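Q: 3D model of this:
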Amino acid sequence: MTQIQTTATLPSALYVVATPIGHLGDLSQRAMEILRGVDLILAEDTRVTGQLLKSVGVETRMISLNAHSEAGKAPRALESLRAGESLALVSDAGTPAISDPGRFLVEACHAEGLPVIPIPGPSALAAALSVSGLPASPSHFIGFLPSKGGARQTELELALAWPGTVILYEAPH
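A: Numbers count the residues shown, from 1 in each chain. Now for the predicted structure:
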């Protein structure tokens, strides 16, 4: 029989932590407690997350887990979870796995029956919809459009055929 250990402060789980989308003051108290209490933080970009952590006095060890490394690093993260460690997953801004890295790891955790706990917070989707003046129901979230012209046009045409408000993300560049 295998004994699962927990850290002194948090049960073993993957904590999916939403981070500020523009103002560091939007980081919730609960998010700070989770980031302080986990054994390891998996960050989309350690430089960006490092600035956030420094601003709130969190010194938890972190490693990168981004779109290019997620599939290769997920097995080690799963191994850590099976060993009883607690991990936090953060993206540069907003919620991991929502148009940001993390979906692969979250799916792998579910496939193995490992706990995944959401730590809600800032959401670009909810923020934009709440101030748009457009109806929230029905609404359809697309995420980022393809960057190529033909695929982009096709996706836009499909989206515009849906009833209600359509929300999509666009990079500033």
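
Q: just for the protein, where's the confidence low?
A: Applying pLDDT under 70 to the chain flags the ranges 1-8.

Q: Where do the strands of it begin and end?
A: In the chain, the segments counted as strands under DSSP state E are 14-17, 40-43, 62-64, 87-90, 116-119, 139-144, 165-169.

Q: Can I get those in TSV including mean neighbour count and distance to Leu105?
A: The C-beta positions use only the backbone N, C-alpha and C, and glycine is treated the same way. Output for those, formatted as TSV (neighbours: other C-beta atoms under 10 Å; distance: least, C-beta to C-beta, whole Å):
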stretch	mean neighbour count	distance to Leu105
strand 14-17	26	7
strand 40-43	25	7
strand 62-64	16	12
strand 87-90	28	7
strand 116-119	16	9
strand 139-144	14	18
strand 165-169	17	21
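
Q: Using TSV, lay out those together with distance to Pro101.
A: Below are these laid out as TSV (distance: least, C-beta to C-beta, whole Å):
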stretch	distance to Pro101
strand 14-17	11
strand 40-43	9
strand 62-64	10
strand 87-90	8
strand 116-119	15
strand 139-144	13
strand 165-169	14
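
Q: closest to Arg30 out of these?
A: Closest of those to Arg30 is strand 116-119, at 6.0 Å (criterion: C-beta to C-beta).

Q: What helices and strands are in contact with the closest one?
A: Judged by 3 or more C-beta pairs under 8 Å, 6 or more residues apart in numbering; DSSP states H and E, the packing partners of strand 116-119 are strand 14-17, helix 29-37, helix 103-112.

Q: and that strand, which strands flank it?
A: With DSSP bridges as the test, strand 116-119 is paired with strand 14-17 (parallel).

Q: coming back round to it: between the strands of the chain, which one is closest to Glu33.
A: Closest to Glu33 of those is strand 116-119 (C-beta to C-beta; 9.0 Å).

Q: Restricting to C-alpha, output stretch 11-31 in PDB.
A: C-alpha atoms of stretch 11-31 as PDB (Å, rounded to 0.1, in the frame of the first residue of the first chain):
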ATOM      1  CA  PRO A  11      -3.000  18.800   0.400                       C
ATOM      2  CA  SER A  12      -1.400  17.300  -2.700                       C
ATOM      3  CA  ALA A  13      -3.100  18.700  -5.800                       C
ATOM      4  CA  LEU A  14      -2.500  20.700  -8.900                       C
ATOM      5  CA  TYR A  15      -3.800  24.200  -8.000                       C
ATOM      6  CA  VAL A  16      -4.700  26.200 -11.100                       C
ATOM      7  CA  VAL A  17      -4.200  29.800 -10.000                       C
ATOM      8  CA  ALA A  18      -5.500  32.800 -11.900                       C
ATOM      9  CA  THR A  19      -3.100  35.700 -11.900                       C
ATOM     10  CA  PRO A  20      -3.700  39.500 -12.600                       C
ATOM     11  CA  ILE A  21      -4.400  40.600 -16.100                       C
ATOM     12  CA  GLY A  22      -3.100  44.100 -15.700                       C
ATOM     13  CA  HIS A  23      -3.000  45.200 -12.100                       C
ATOM     14  CA  LEU A  24      -0.900  43.400  -9.500                       C
ATOM     15  CA  GLY A  25      -3.500  44.400  -6.900                       C
ATOM     16  CA  ASP A  26      -6.000  42.000  -8.500                       C
ATOM     17  CA  LEU A  27      -4.100  38.900  -7.100                       C
ATOM     18  CA  SER A  28      -6.500  37.400  -4.500                       C
ATOM     19  CA  GLN A  29      -5.500  36.700  -0.900                       C
ATOM     20  CA  ARG A  30      -6.300  33.100  -1.500                       C
ATOM     21  CA  ALA A  31      -4.100  33.000  -4.600                       C
END
